[in-house]
Each structure stands twice: as structure tokens, then as C-alpha cells.
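> Attaching a predicted model along with its sequence, questions to come.
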Amino acid sequence: MYPTVAEALALPVVRRGGPTVVAGASGMQGRVRWAHVAEVADIAHLLRGGELVLTTGLLLPSDDAGLTRYVDDLAAVGAAGLVVELVRRWRAEVPGSLVAAAERHGLPLVTLAQETRFVTVTEAVVALIVDAQLAELRAAEQVHETFTALTVAGAEPAEVLREVARTSGLPVVLETLGHEVLAYDAAGADPTALLADWGQRSRSVTVSERTAYHEAAGWLVTVVGARGADWGRLVMVAPEAPPHRHVVVAERAASALAVHRLVARDRESLERQTHRTLLAQLLGEALPPADLSARAAALGVPLERRQLVGIAIRPGTSPAPAQTLATQEVLRDLAEATALAARRVTVPALVGVVDDTSVRALLSLPPQAGIDGVLRRLAKEVHRVAASTQHGLPVVVAAGTTVTVVSDVRRSLGEAVHIAGAALRSPGTRLYHRLDDVRLHGLLHLLREDERLRAFADRELGPLLARDTNQGSRLVELLRCLCEHGGNKSAAAAAAHLSRTAYYQQLARIEQVLGVSLEDPVSILSLHVALLVHDLGS
């Protein structure tokens, strides 16, 4: 980073000349790239910008128009400032036209009251520039080492962004090319303000290079991904043009993020990770974080003043119990299929895998949207997309109660999981299931952890289960046939593949073991409920 005009004027060799800023004080933070001694008036075309011009004024124009044109030319090429020694040409002060022109352009105009050796000034300023450049190189080397270590260690995006914020002191956001926030670090600032209307703000910021500073927005933007396979942007919020070391930080962070994605492409996508984190916080025991709504809105899923519906999607058949990795692979593919289905029916949704059994989704719908119509379209698309994945498993889609406040989302998501579990016990052809659809199965699934319910099932079926275990009989299976056919013994006998006589004999044995009458509707009802509870635990 080059020194500012103010820093150059603070050098002892300049201070000895008695410097006074007579115009253009607003430009004192401009950067000095070089110090240049020039007495002639037509020097501007030889400059490259950023020069601190030193002159005694001896050869400058004598008329106001000429002096104004001289300053205009310096400002046009981006000179950092003009230093005039008041010894030879002007004794007390510089002409008003010179002051007026410098003030109009915001070009610092500095007078020196004492004779000053300009060569010592240029030496001191150049030494200051070289020192700054060396410090910049050392800082860039440290940045390279830090982010190389993060890359080698396979650091997660959150860790990379945390280092960006720590190194630069600036808020940083990682977004998709669709302007959805994947991760961020507010660097101690208010995250709600950082993410407010992010999508709309981000769409208005376009840059022509892979890394560029957008002055109007105050954003340093760098593209993330390999050329031809870009997938995101890293945004550092910098109110003023950032130093070179911050550009290096942004580019090295983008490289680390790109490598992480390549290494982890066979694992959960970054988008799913971000969604999973928000869903886990919504499902947590504590109140959701205060910035959660802002983070969700930045992902394109507003939670305020919306209809919110918890969804659970479970594979219709499960991989072998020992194949945990296979189970996670199935759920990961199912999550991506669900997210794709939500995009196709244009339903904003958080979608992620938060446990070992199901994919969770939270739908965000406008207040006037028809819930059932949306659920039908979404479920149909989920079934279709899931069937086209490499696993091609049938799925069960379940929806919880519609809620309107974030604090109730946990209940809706929890209901959806219970309904999906109950629906697996009573397979059918429904596109999706709600509490009304699973009826008794749903109620028992909700209460399945209640010890009193388990005790009831043990009392009702205990002797029969023990008899089957000890003697290898199939009395529980035969009882199930009777219950599932509403007490119709003939139909139950056919389902059990027994003659009616043989089946009736087995029913008599069941009555004897349990001490109940199977002619009593209440007994049949109690035993059927006990069987359903027993199935939940099996």
C-alpha cells in the first residue's frame, strides 16, 4: 500500500520546510506512488498518476488562466498533490487562481515556508514507498502461507471465511452465482444488516474481471471456481478501495474454497450444508438465533410473514442396516432431488439431511398461497426426480402443520417426521401424507416413546409373544390377520393360508393364552392397537 499525502508531509525532512495545506485538504488521504521534481508547466503528459509534484514555481505561468490550466492538467492525470516552495517565485502565498483550481479538484496544494532540498524530500518519500511495498510483500507472503495451510488441511468454508474476516477486518460473504448466501462472517458487525436484501443488492453488482472492486457498492468481488466451472462469488465489504493485501486475501480464499469443493464434491454440497445448519438450528431446543431469518432470506427462503410448512421425505425401502455410508448416500441424493424438485415448482425451501432416516425441508409460501396445491405439485415432482436418481427408491413425503412464526417451525418439522414414519407402516399410493391421512398410525407414532404406551402393548401381547418365542408358533401373525380383516374370521383364514377349521382352532388357542374373547369388539380393538404399537418398536 502506497503512503498517503498526509504521511508524506509528516516526514521530518518535509516538516522542516514548514508545510501548510492551503487547498485540497479532502485529497490528503490520496496515495503517493512517487515524488517528482518539476519546474516546467507542461509536465502533466509525462506523469502516470499518483505523483507528488515538487516545484519552486519559477517556470510556472504568470497569468491566472495558465495557472488554472496547470492544475487542471495535474488533476486530469491523477497527480497526488502539488508542493510549492515559497522562497523564489512567491514569497508569502501562492496566487488565488492556483488555490481555487486545486480546491475545485480536491488536489492537495501545500506550501513550504523554508527553502527545502527537494532531493532529500524525494529520497525520503521513495524510501517510505519502498518500505510500504516491502511490508505489503511480507503481508502477502503471510497470506499465502495461511491459506495454503487451510487448503492442505481441507478447511471448511466457514473456517476459510473466518480467516478472511480476521485478516482483513472486513465482513465477507460467500454466495452462489444465483446470489444466494452460502456462508458469511460479519467480522463483528451486525449480520442482519449485512444480509438484508442481499439477493437484490448483489444482482446490481457486476464486475468485468475475476477480481475487482465495485466502488459504488463498496464491494471487493472475486469469482470462486475453476475457469469454465465457476459456481460462486466471494464478497468482501470494503467502504473504500482495499489495499493489495486484501485483494490477495480474497483471491487466496477463493482458491481454498474452490479446492474444498473439488475435494468434497462426492460429499454433501455446500448449499446442502448451509441449509442443514439452518434446519438444525430451527430444530434445536433453544430459540433460533436472532439472525436466522436474515440468513434464510439471504438464501432466498424468507421466513417472516410467510406460511411455513415442515416436510419430511423418507426412502420407501432402506439399505441394509450395516451400510451406514450407503444410507447417507441415499439421503444425500434424496436431498439434492428434493431441492431440485422445489426449484422446478418454484417453491422457496430449506432442504437438508439432519438425521439418519429422512430429508427435512421447510417450505416458505406467500400468505395467499394454496397449501394443498403446492404440496401436490411438489410431492409429484419429488417422486419423479427421486425415481430418476441412481438409487431410484420410492419415497414417502409427509407434511406437518402450516405455521406462520419461526418459533413454531420446530413443531411442524417434528410432525412431518412422525407422519412419515407412520406412513411407512401403512403404505399406500398417496402423493404425500398429513396427520389426517395416517389417523391411528399417526397418533401412535407420535406417542411411540411414551412408556405407558409400551407397557400397554406388553400387557396385551406379552403372553402371546412369549408363547411364539418358546414354542415356535405363529399366533401373533394369526391374530394380526384377524385384526386387519376387522374380525372377519373367514377372510382372516384365507389371508393366513389355513382352512377355517384349523384357523378357528388357532384362535381358540389365542383366547386361551391371552384370557380374552375374540368375539368381543373391544378386545379386538385393544389387541389391534397393541400390535400397531409393537410394530413401531420392531
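Sure thing, it's come through.
> A strand includes residue 494, no?
No: counting by DSSP: H, G, I helix; E, B strand; the rest coil, residue 494 is not part of a strand but helix.
> And it, how close does it get to residue 502?
Separation of residue 494 from residue 502 (CB to CB, to the nearest Å): 12 Å. All C-beta atoms are positioned from the backbone trio N, CA, C, and that covers glycine.
> More neighbours: the two, which one.
Applying other CB atoms under 10 Å to residue 494 and residue 502 shows that residue 494 carries more neighbours, namely 15 against 12.
> Which pLDDT does the model give the more buried one?
In this prediction, residue 494 carries a pLDDT score of 86.
> repeat for residue 228
For residue 228, the pLDDT comes out at 68.
> for residue 8, same thing?
On pLDDT, residue 8 comes in at 89.
> so how far is residue 27 from it?
Computed as CB to CB, the residue 8 to residue 27 distance reads 12 Å.
> and what of residue 114?
From residue 114 across to residue 27, the span is 24 Å (CB to CB).
> Show the contacting residues for residue 411.
310, 400, 401, 403 (CB atoms under 8 Å, 6 or more residues apart in numbering).
> Give me the domain ranges for the chain.
5-126, 154-263, 270-446, 451-537 (automatic domain parsing).
> worst average pLDDT in those domains?
Among the domains of the chain, domain 270-446 carries the lowest mean pLDDT, at a mean of 81.
> Helices along the stretch 351-500 of the chain, start to end?
Using DSSP state H, counting those that start in this stretch, the helices found in the stretch 351-500 of the chain span residues 371-387, 409-425, 435-446, 451-471, 475-484, 489-495, 500-514.
> now, of these, which is deepest in the fold?
helix 409-425 (a mean of 22; mean count of other CB atoms under 10 Å).
> May I have that one as CSV, with CA atoms only?
Extracted as CSV, the C-alpha positions of helix 409-425 are listed here (Å, rounded to 0.1, in the frame of the first residue of the first chain):
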residue,chain,number,x,y,z
VAL,A,409,-41.3,-24.3,12.7
ARG,A,410,-39.8,-27.0,15.1
ARG,A,411,-43.3,-28.4,15.7
SER,A,412,-44.1,-28.5,12.0
LEU,A,413,-40.9,-30.3,11.1
GLY,A,414,-41.3,-32.7,14.0
GLU,A,415,-44.8,-33.6,13.0
ALA,A,416,-43.6,-34.3,9.4
VAL,A,417,-41.1,-36.8,10.6
HIS,A,418,-43.7,-38.6,12.8
ILE,A,419,-46.1,-38.7,9.9
ALA,A,420,-43.5,-40.1,7.5
GLY,A,421,-42.7,-42.8,10.0
ALA,A,422,-46.3,-43.7,10.4
ALA,A,423,-46.9,-43.7,6.7
LEU,A,424,-44.1,-46.2,6.2
ARG,A,425,-46.1,-48.6,8.4
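> ok now it, how far from the chain's centre?
Relative to the centre of its chain, helix 409-425 is centred 26 Å away, using CA atoms, centre = their mean, to the nearest Å.
> Repeat that for stretch 213-228.
Chain-centre distance of stretch 213-228: 17 Å, with CA atoms, centre = their mean.
> What residues of that stretch count as buried?
By 16 or more other CB atoms under 10 Å, the buried positions in stretch 213-228 come out as 213, 217, 218, 219, 220, 221, 222, 223, 224, 225.
> Widest-spaced pair of these?
Farthest apart among those by CB to CB are 218 and 225. That separation is 23.8 Å.
> Now for residue 8 and residue 27: what residues contact both?
In contact with both residue 8 and residue 27: residue 81, using CB under 8 Å, 6+ apart.
> Which one's more surrounded, those two?
residue 8 (26 against 22).
> Name the SS class of the more buried one, please.
When classified by three-state DSSP, residue 8 comes out as helix.
> From the centroid of the chain, which residue is nearest?
residue 182 (2.1 Å; CA atoms, centre = their mean).
> any idea how far that residue lies from residue 233?
As for residue 182, its distance to residue 233 is 10 Å (criterion: CB to CB).
> do the same with residue 368
Using CB to CB, residue 368 is found at 34 Å from residue 233.
> ok, those two, which is more surrounded?
For residue 368 versus residue 233, the count of surrounding residues by other CB under 10 Å is larger for residue 233: 22 against 6.
> for the residue nearest to the centre of the chain, helix, strand, or coil?
What three-state DSSP gives for residue 182 is strand.
> which stretches of the stretch 51-200 of the chain form helices?
Assigned by DSSP H, counting those that start in this stretch, the stretch 51-200 of the chain shows helices spanning 64-76, 96-105, 118-152, 157-168, 191-195, 198-203.
> among these, which is the most enclosed?
Per-stretch averages of neighbours, counted by mean count of other CB under 10 Å, single out helix 157-168 among the helices of the stretch 51-200 of the chain, with a mean of 21.
> which helices and strands sit right next to that helix?
With contacts defined as 3 or more CB pairs under 8 Å, 6 or more residues apart in numbering; DSSP states H and E, the packing partners of helix 157-168 are helix 118-152, strand 172-176, strand 181-185, strand 229-237, helix 244-263.
> now do 7 Å
helix 118-152, strand 172-176, strand 181-185, helix 244-263 (3 or more CB pairs under 7 Å, 6 or more residues apart in numbering; DSSP states H and E).
> now the angle between helix 244-263 and the longest one, please.
It refers to helix 118-152. Computed by axes from the mean of the first three to the mean of the last three CA atoms, to 10 degrees, the angle separating helix 118-152 from helix 244-263 equals 20 degrees.
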